[in-house]
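# using only what follows, build the 3D model:
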Amino acid sequence: MSRSFNQQLDQHGAWRSNFAHRLQWLSRWLTENELLDQAVAERLRGLESQIRTSKVMVAFVAEFSRGKSELINAIFFAGYGRRIMPASAGRTTMCPTELGYDATLAPKLRLLPIETRLEPHSLAYWRDQPARWTEIAIDVGDAERLAQAMAKVAEVRWVSQDEARALGFWNEETPDDNPVQDAEGRVEIPRWRHAVLNMPHPLLEQGLVILDTPGLNAIGAEPELTVSLIPQAHAVVFILGAETGVTRSDLSIWREHLVTENEGSDTRFVVLNKIDTLWDTLSTHAQIEQQIEQQRQVAAKHLDVPLAQVLPVSAQKGLQAKVHRDARLLEASRLPALEALLGQGVLGKRETMLRLAVDAGMAALRTEAERILKVRQRDLAEQALELQGLRGKNVSVIRHMRARIDQEQNEFEGSNARILALRSVQGKLLREVYAVLGRTALKADMVRLSAALKRPGVKFNVRKVYGETFDSLRNNLREVQATTAEIQSMLHATFRQLNAEQGFTLQAPAEPDLSGFEQELSQIERSHIHYLGVGNMLKLAQADFCDKLVRALASRLRLVNEAAMTEVERWSKGASAQIDAQLKERRRNFSKRIEAIERIQNAAGSLDERLLELATQESTLAGLQQRLSEFTALIAQQGKPSATAAAGGELRAAA
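Down below sits the predicted model:
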């Protein structure tokens, strides 16, 4: 039997939690054995944070009255025994609503007033301005009060046509998209611009984020939804009415907001909801099935998606079946098939990405830790050879050996000028990287784009304008890549010299590959170019709309640049940490050599005893190397999440 999305998310959450605990254990073990340098420790902390806090976002998109909120209730909130999201007849969710959980915040519903659209800031900006949000405390144990709080997202205001126009809900040039006026000429608009529910629901606690979006008119008025939030979702569930099929407004949402060129459809699911409206007592079961199948095929053809991605469902009957524990009705609703597909498509892909990150992290960690062990093994061998040379020697020879070690130590400490010079040049080049990818440079690019978009008239050259902007952004990344290549060349040369002069085993870490960020920029460009097709030319003639579009774009591009800078910074720290680790090991080696000579001088221990100690230490290092390999292999092993607990037991037993 297929597992529901809830069951698969439960298992995924348990897998991530166990993984994070195992990484914590490994970090402690490495620290206790002094095998964790600064760069690897930071990589391990980042990996643990990624595993523990990574989110899985599922966006539900539909025109009004397609049963979208009811589907969310059926999949995620049936355990309450009632509806939590407002799902009455007519328009329900009037503003984009995010449902998630952050343990650092109290359970509450945050509502951003629609009037913030009149100010020149993006949604990303408003997220960090708590004073402008209306907050409503929630009690997750009281289903009635929780549902009352969520009813707020359906609230509306009646405003004049001028106010609706200023807020982006009225446009004379696209009259078909305008809301209906009442007898007084007023227009119905949402009371809230955005809603965020922070709720310790079992699924949300495990990293699920649900994005519930309103219909076409509201989506078009908030470009940040289309060019930022929805594209970042790991899956998009697009809901149609089984009785209506693909309508004109459905097709507009799909073409203008959900599908971009060269983008795969494996994370785009189409739901034919309300199949219960086709359950006709005058038709046979075979006739009903044939009608549903025909609607599936028509929808797949119109939306150009694989037939397997179009699923017929009755959200209302599915919710009813779960509440009343009616297995036959649940099967007839076909909700379990959708849940299973969501779990396989969304969680399977997310888990694969996390496992690849773990594999890469474990490989880097093992390489660094083994390098430290090899340095210690080499130092022990040199100490043993040095002490063996003292057999049969008199006191003056031993005293001379001590003086020679002191001289070597002084020369070593005095030879750090090259390392300081390396760090100085490295710091200068990194500052150049930050200047190219920093907020100031990005702001300049966005100012140029905004100026081009605000030129009077219809922008038929919008593709060229965007192309030039994204070419500039990609060139910035290429410039940074050239800078990292320069730093890499310098690292190779300096490391070779230090290895030759100091006997180090430095190896420059692999240069960061920024091509993935270039691809991400191209993906963002495609979503914008697609969105700015002929259908949106009239909107582009509005300065306010262009401002919103550029602000939304800037917020997303800032994340790409910051991620690229983080990658470069991590690489730079990896090189510095290697030097620090080997400097520390060399100083430790000098201390051990001096201690051994002093003990022999003071007759505190015989030469044979000291050699036996070194042999024991060599054996210990060999054991550490073996356990390091075993532990990292256990953590990085591939397999089903159910194997995680067993692997955790093996890890503890091996220790």
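# just checking, which helix or strand of this protein averages the lowest pLDDT?
Using mean pLDDT, DSSP states H and E, helix 644-654 stands out as the lowest-scoring helix or strand of the chain, at a mean of 49.
# list the contacts for Q488?
By Cβ atoms under 8 Å, 6 or more residues apart in numbering, the residues touching Q488 are 508, 511. Bear in mind the C-beta positions are built from the backbone N, C-alpha and C, glycine included.
# quick one: it from R431, how far?
Distance, Q488 to R431, by Cβ to Cβ, to the nearest Å: 17 Å.
# cool, and L303?
With Cβ to Cβ as the criterion, L303 and R431 are 49 Å apart.
# between the two, which is the more surrounded one?
Per other Cβ atoms under 10 Å, whichever of L303 and R431 has more neighbours is L303, with 21 against 11.
# contact partners for that one?
Contacts of L303 (Cβ under 8 Å, 6+ apart): 238, 246, 251, 254, 259, 270, 310.
# how about L35?
Here L35 is in contact with 369, 372-373, 624, 628 (Cβ under 8 Å, 6+ apart).
# any idea of the mean pLDDT for the helix ranked longest in the chain?
The helix that spans the most residues within the chain, counting by DSSP state H, is helix 543-601. Averaging pLDDT along helix 543-601 yields 84.
# for Q409, give me its contacts.
Shown in contact with Q409 (Cβ under 8 Å, 6+ apart): 590, 594.
# could you list the buried residues of the helix or strand hosting it?
Under the criterion of DSSP states H and E, Q409 resides in helix 395-414. Judged by neighbour count using 16 or more other Cβ atoms under 10 Å, the buried positions of helix 395-414 are 401-402, 405, 409, 412.
# neighbours of the residue lying closest to P130 once chain neighbours are set aside, how many?
Leaving aside its sequence neighbours, P130 sits nearest to R110 (Cβ to Cβ, 6 or more residues apart in numbering; 7.9 Å). Number of residues near R110 (other Cβ under 10 Å) recorded here: 19.
# which SS state does R110 fall under?
Assigned state for R110: strand (three-state reduction, DSSP: H, G, I helix; E, B strand; the rest coil).
# settle this for me: it is touching R132, isn't it.
No: judged on Cβ atoms under 8 Å, R110 makes no contact with R132 at a distance of 9.9 Å.
# and stretch 488-507, what's buried?
488, 490-491, 494-495, 498, 502, 504-506.
# show me the two of those that sit farthest apart.
For those, the maximum inter-member distance is 20.6 Å, found between Q488 and Q502 (Cβ to Cβ).
# which ones are touching the residue nearest to P130?
With contact taken as Cβ under 8 Å, 6+ apart, R110 is in contact with 130, 133-136, 195-198.
# can you select the buried ones among the residues you listed for me in ChimeraX?
If you want just the buried ones from the contacts of R110 in ChimeraX, going by 16+ other Cβ under 10 Å, the selection is:
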select :133,136,195,196,197,198
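# dump the contacts of R110 to JSON lines, plus pLDDT, distance to A381 and secondary structure.
Shown next, in JSON lines, are the contacts of R110 (pLDDT from 0 to 100; distance: Cβ to Cβ, whole Å; DSSP: H, G, I helix; E, B strand; the rest coil):
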{"residue": "P130", "pLDDT": "91", "distance to A381": "61", "secondary structure": "helix"}
{"residue": "W133", "pLDDT": "96", "distance to A381": "64", "secondary structure": "coil"}
{"residue": "T134", "pLDDT": "95", "distance to A381": "69", "secondary structure": "strand"}
{"residue": "E135", "pLDDT": "95", "distance to A381": "65", "secondary structure": "strand"}
{"residue": "I136", "pLDDT": "94", "distance to A381": "68", "secondary structure": "strand"}
{"residue": "A195", "pLDDT": "93", "distance to A381": "66", "secondary structure": "strand"}
{"residue": "V196", "pLDDT": "94", "distance to A381": "60", "secondary structure": "strand"}
{"residue": "L197", "pLDDT": "94", "distance to A381": "62", "secondary structure": "strand"}
{"residue": "N198", "pLDDT": "94", "distance to A381": "58", "secondary structure": "strand"}
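# tell me the one among the contacts of R110 nearest to F77.
L197 (11.2 Å).
# so the closest one touches P96, yeah?
No: using Cβ under 8 Å, L197 is not in contact with P96; the gap is 11.7 Å.
# and the residue nearest the centre of the chain?
Nearest to the mean C-alpha position of the chain, counting by Cα atoms, centre = their mean, stands S54 at 5.9 Å.
# can you read off the pLDDT for it?
S54 is given a pLDDT of 75.
# where do the helices of the stretch 251-400 of the chain begin and end?
Using DSSP state H, counting those that start in this stretch, the helices assigned to the stretch 251-400 of the chain run over residues 285-303, 315-324, 327-333, 335-342, 348-388, 395-414.
# ignore what I typed, I meant the stretch 1-150 of the chain.
5-32, 38-53, 68-76, 123-126, 143-150.
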